[in-house]
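Novice: Structure for this input, please:
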Amino acid sequence: MNTKTQKQLLTKAKLEFHSNFPKRHVGILGGTFNPIHLGHLVIGEQVYEQLCLDKVLFLPDKVPPHRGVHKTIPEINSDDRVNMIKLAIRNNMHFDLDMTDIKRGGVSYTYETIRMLKELNPNTEYYFIVGGDMVENLPKWSHIDELVQMVHFVGVCRKGFEKKSKYPILWVNTPELEISSSMIRQRVREHKSIKYLVPDDVAWYIKDRGLYND
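Specialist: Residues are numbered from 1 along each chain as shown. As a prediction, this is how the structure comes out:
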C-alpha cells in the first residue's frame, strides 16, 4: 500500500470516527487583549447565550497582522496578556483560553488559525466574533472567500454601522459598553481608576506588574 492510499484511508477513518459524535458549536473571540476588559466579557457571554453555543474561546494574537498600523501600542509580554485572560475568565465555566496563535508564533492570520483548529477538531462548528465596525473590512481579510466556507461570522451590532455585508453574517445585539483597551492603558498612564472597566483581578495584575505605566 502506497503512502497516498494510506493517507486516504486514515482520513476516511477519522471522518467516520468523528461522525459518530454530535457537533459542537464554539465561539471564538480573538484579539490582542491588551488588556482584556469587561466589554470583551459581555460580548462573549451574549454571543454564547444568544447562539446557544457550547463554549466561547478567547484567542489572543501573537503578532496581529495590523501591527504596523498601531506602532504606538505598548509592547508587553504575551505571557502577561494570557495571564490577564486567565484571571478574567476563570469563574465562567463556558469561557476558555485557546493558545493556538501564541504557540504557533509569527503573524496571526485568522485563516491559518481556523484551518488549524478545524483540522484538530473536525466535529466542531466555529463562530468567529467580530465587531460591527470590522464587518465592512472583511473583503480585505486574507483568504476571506475560503474563510466564509470554514467558519460562521458573528457580527456584534454597533451604532452607526449598517448590518450589511456581501458575506453571510449572524448579527447579535449586545449591551454597548464604551470601553476599549486603549482607554484603559491611557487611564493607567494617567494614574486614574480602572475599577469596573476590567475585572478586579485584572486591575490588580496590571498594578502589581506595573503594566502600561510608560
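
Novice: The protein: helices as residue ranges?
Specialist: Assigned helices in the chain, in chain order: 3-18, 38-50, 78-89, 100-104, 110-120, 132-135, 144-150, 181-189, 200-209 (criterion: DSSP state H).

Novice: Asn173 is nearest to which of the ones you listed?
Specialist: Judged by Cβ to Cβ, the one of those that comes nearest to Asn173 is helix 38-50, at 7.8 Å. Where C-beta positions appear, they are placed from N, C-alpha and C, glycine not excepted.

Novice: Dump the closest one to PDB, restricted to CA.
Specialist: Included here for helix 38-50 are C-alpha records, laid out as PDB according to Å, rounded to 0.1, in the frame of the first residue of the first chain:
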ATOM      1  CA  LEU A  38     -15.500  43.900  30.600                       C
ATOM      2  CA  GLY A  39     -16.600  44.800  27.100                       C
ATOM      3  CA  HIS A  40     -14.900  41.600  25.800                       C
ATOM      4  CA  LEU A  41     -16.600  39.500  28.500                       C
ATOM      5  CA  VAL A  42     -20.000  40.900  27.900                       C
ATOM      6  CA  ILE A  43     -19.700  40.200  24.100                       C
ATOM      7  CA  GLY A  44     -18.500  36.600  24.800                       C
ATOM      8  CA  GLU A  45     -21.400  36.000  27.200                       C
ATOM      9  CA  GLN A  46     -24.100  37.400  25.000                       C
ATOM     10  CA  VAL A  47     -22.900  35.500  21.900                       C
ATOM     11  CA  TYR A  48     -22.700  32.300  23.900                       C
ATOM     12  CA  GLU A  49     -26.300  32.800  25.200                       C
ATOM     13  CA  GLN A  50     -28.000  34.100  22.000                       C
END
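
Novice: quick thing: my sequence starts at 22, can you match it?
Specialist: Sure thing, new numbering starts at 22, so read that last one as helix 59-71.

Novice: so what's the spatially most central residue of the chain up against?
Specialist: Geometric centre of the chain, nearest residue: Gly51, 1.7 Å, by Cα atoms, centre = their mean. With Cβ atoms under 8 Å, 6 or more residues apart in numbering as the criterion, the residues that contact Gly51 are 80-82, 122, 129, 131, 134, 149-150.

Novice: Considering the residues you listed, which possesses the most neighbours?
Specialist: Compared across these, Ile150 has the highest neighbour count, 28 neighbours, by other Cβ atoms under 10 Å.

Novice: per-residue confidence for Pro143?
Specialist: According to the prediction, Pro143 has pLDDT 94.

Novice: ok, back up a step: among the contacts of Gly51, which one lies nearest to Arg179?
Specialist: Compare each of these with Arg179 using Cβ to Cβ and the shortest gap goes to Ile150, at 12.6 Å.
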